[in-house]
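> Sequence below, structure please.
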Amino acid sequence: MKKSLLALAVLGAFAGAAHAQSSVTIYGIVDTGVVYQSKVATANGGTGSKFGLNSGIIQGSRIGFKGAEDLGGGLSAVFNLEAGFSNDTGGLQGSDATTGSNLFRRKSVVGLAGNFGTVLLGRQTDFADTISAYTAVQDFGGWVNNSGSGLDRLQGTRTNNSISYTTTNLSGFTGNLMYGFGETAGQTSAGQSFGIGGKYDNGPLGLGINYYQSKAGATPSDVSLIPATSTTASVNTLSANAGSSAQKVLNVAASYQFGPARVYGNYSRVKQDLNTQANLTAIGVGSLTTVTNRTLARSNKADIYEIGTAYSLTPSLKLLAAVDHTRANFDGVDNKAKLTQVSLGTDYWLSKRTDLYAFLAYTKASDLVNPGVSDSTGNDGNQGAVAVGIRHKF
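Numbers count the residues shown, from 1 in each chain. As a prediction, this is how the structure comes out:
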């Protein structure tokens, strides 16, 4: 009798394995267009117009692999690997100062999903990336990056060495927790980060909130803290302030669908307490008393506001508009810097996977460097830009 029960148990185990299903999906986006920018800073200190072919105007061009394996009982093993590339040159988008090559720089996660929610481990974005669906990032993408959403993480800033937990949909509410390990021996707080966020969807209404905080360290989990170049001064400054809060970001966003029109608004506050005159001078930035050294990344506080709309003339054609306004403070500077970008656009879908778009924008800056609309810094208080492109998803 015992042998019979054992045989049945073994057969049951094999049957369960046979029914388990796994899947792997290869996907990607290729997005490129022609961009014109006025008043671009030239190498000799002058100004001029610029034409270029840019990759990733709305969404970064990428190729990804994702999959799931059914483990039974509603539990699945999941993974997602995503590499970014510049399709105008064919080059991979590359590396930071602490990593030789970030092949899967956009995303590299593995975890478990089930009725309890989803747990992911690896390199990933925080929940600000999720609630960006309620902002201009949903329609304009990288076109509004320089006006503030690149600083406040709505464009999708990565966290290395991180673990996240996302709940299932609870009557319209979804919550998220994230923690990034600083991986510094003897000092747990050095380089660590954490985030908490949530969103609520109820018919035409969408609401989102997220808070993210990261700390300095020799190996910061927040990739926005990794210096562009691993100079001795940069590393020494990070080490000297290890464990100190370097960035605190709060995002609040709302969106509502009025028939064919989606209207939205959001507010973000970014605090970068380590952006003092002493620290910035130590890493070679120089005095912020000159406008040429004042960029949003070097501000110690920034308030970012946005309103916008997307109107569907037809199921295939949308008209887009957004206004982004940022006010920034710099340590040792009395005047509050201002940056405003007005964006207009149209997006026409030829199919479910291919669309054509045309954008234009005007940006104006006072008491800080004009970051430009696309890929080139302005050499004046204002800049105009136009883009016409195509995006294909597969």
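> Can you show me the helices along the protein?
2-19, 128-131, 232-240, 277-282 (DSSP state H).
> Surely Leu81 touches Ser108?
Yes - with contacts counted by CB atoms under 8 Å, Leu81 reaches Ser108, the gap being 5.6 Å. (Each C-beta comes from the backbone N, C-alpha and C, glycine too.)
> hang on, the earlier thing: which of the helices of the chain has the lowest average pLDDT?
Among these, helix 2-19 has the lowest mean pLDDT, at a mean of 42.
> which ones are touching Gly265?
Ala253, Ala254, Tyr305, Glu306, Ile307, Gly308 (CB atoms under 8 Å, 6 or more residues apart in numbering).
> Select only the buried ones of those in PyMOL?
In PyMOL syntax, the buried subset of the contacts of Gly265 is picked out as below (16 or more other CB atoms under 10 Å):
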select buried, resi 253+254+306+308
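> In strands only, show me the contacts of Gly265.
Under the assignment DSSP state E, those contribute Ala253, Ala254, Tyr305, Glu306, Ile307, Gly308 to strands.
> Go through those residues and name the one nearest Arg269.
Ranked by distance to Arg269 (CB to CB), the ones in strands among the contacts of Gly265 are led by Tyr305 at 10.3 Å.
> where's the closest one relative to Gly148, distance?
From Tyr305 across to Gly148, the span is 8 Å (CB to CB, to the nearest Å).
> joint contacts of those two?
Common contacts of Tyr305 and Gly148 (CB under 8 Å, 6+ apart): Asp324, His325, Thr326.
> Spell out the residue ranges of the strands in the stretch 101-250 of the chain.
Residue ranges of the strands in the stretch 101-250 of the chain, as given by DSSP state E, counting those that start in this stretch, are 107-114, 117-125, 158-166, 173-180, 193-202, 205-215, 245-258.
> packing partners for the fifth one?
Counting contacts by 3 or more CB pairs under 8 Å, 6 or more residues apart in numbering; DSSP states H and E, strand 193-202 is packed against helix 128-131, strand 158-166, strand 173-180, strand 205-215.
> Now do the buried residues in it.
In strand 193-202, counting by 16+ other CB under 10 Å, buried: Ser193, Phe194, Gly195, Ile196, Gly197, Gly198, Lys199, Tyr200, Asp201.
> May I have that strand exported as CSV, CA atoms only?
The C-alpha trace of strand 193-202 is given here as CSV (Å, rounded to 0.1, in the frame of the first residue of the first chain):
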residue,chain,number,x,y,z
SER,A,193,18.5,54.0,-1.5
PHE,A,194,14.9,53.4,-0.9
GLY,A,195,11.5,54.3,-2.4
ILE,A,196,7.8,54.0,-1.7
GLY,A,197,5.0,54.7,-4.1
GLY,A,198,1.5,53.9,-5.2
LYS,A,199,-1.0,54.6,-7.9
TYR,A,200,-4.8,54.5,-8.2
ASP,A,201,-6.7,53.8,-11.4
ASN,A,202,-10.5,54.1,-11.5
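> Need the residues that contact that strand.
With contacts defined as CB under 8 Å, 6+ apart, strand 193-202 is touched by 126-128, 130-131, 134, 159, 162, 172-180, 182, 206-215, 220-222, 251.
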